[in-house]
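K.L.:
sequence unknown, structure follows:
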């Protein structure tokens, strides 16, 4: 099944709010923000530039497993670089391919050099489910003779 739609379509439905942190913040501050907002990752920005991603996975693998102190470690020391980004005009399929090939769960959306949103694996799964439901309804209508075409 071909998946139709663009990143812009997802952002229209979910909104463009993105939680960020800065490289000079401590990992503790970043993890605390993730907990407060009930999210699994933050986009790391320096000024208007997206410089990386920080996820719960980064925290567990680069802080906890190495016995480092999150209150003393800077985000810059453990953030994922280089950051893989997409544009709002990119396809849902491209996002799925990028996430699969790079083994990542979040893609910052950057348009004209500015952060425009964030797409997560959950957003993509939801999009696929809704698309499949729509296709099934169309096929059901076609089979039952309710199809307008």
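P.N.:
Received, thanks. No experiment lies behind these values; they were computed from the predicted model shown.
K.L.:
can we go C-alpha only for contacts and neighbour counts from here?
P.N.:
OK.
K.L.:
contact partners for residue 75?
P.N.:
Counting by Cα atoms under 8 Å, 6 or more residues apart in numbering, residue 75 touches 22, 23, 24, 25, 26, 27, 30, 54.
K.L.:
just curious, which of these is nearest to residue 115?
P.N.:
Checking these against residue 115 by Cα to Cα gives residue 22 as the nearest, at 13.6 Å.
K.L.:
could you measure from that closest one over to residue 51?
P.N.:
Distance of residue 22 to residue 51, computed by Cα to Cα, to the nearest Å: 9 Å.
K.L.:
what do the two both touch?
P.N.:
Between them, residue 22 and residue 51 share the contacting residues 44, 45, judged by Cα under 8 Å, 6+ apart.
K.L.:
okay, those two: which has more neighbours?
P.N.:
The neighbour comparison of residue 22 against residue 51 (other Cα atoms under 10 Å) goes to residue 22, with 22 against 19.
K.L.:
surely the more buried one touches residue 48?
P.N.:
No - checked against Cα atoms under 8 Å, the pair residue 22 and residue 48 is beyond contact range at 10.7 Å.
K.L.:
and the gap between residue 91 and residue 78?
P.N.:
30 Å.
K.L.:
ugh, wrong one, I meant residue 117
P.N.:
On the measure of Cα to Cα, residue 117 and residue 78 end up 22 Å apart.
K.L.:
can I assume residue 115 sits in a helix?
P.N.:
No - going by DSSP: H, G, I helix; E, B strand; the rest coil, the assignment for residue 115 is strand, not a helix.
K.L.:
if it is in a bridge, with which residues?
P.N.:
Beta-bridge partners recorded for residue 115 (DSSP bridges): residue 110.
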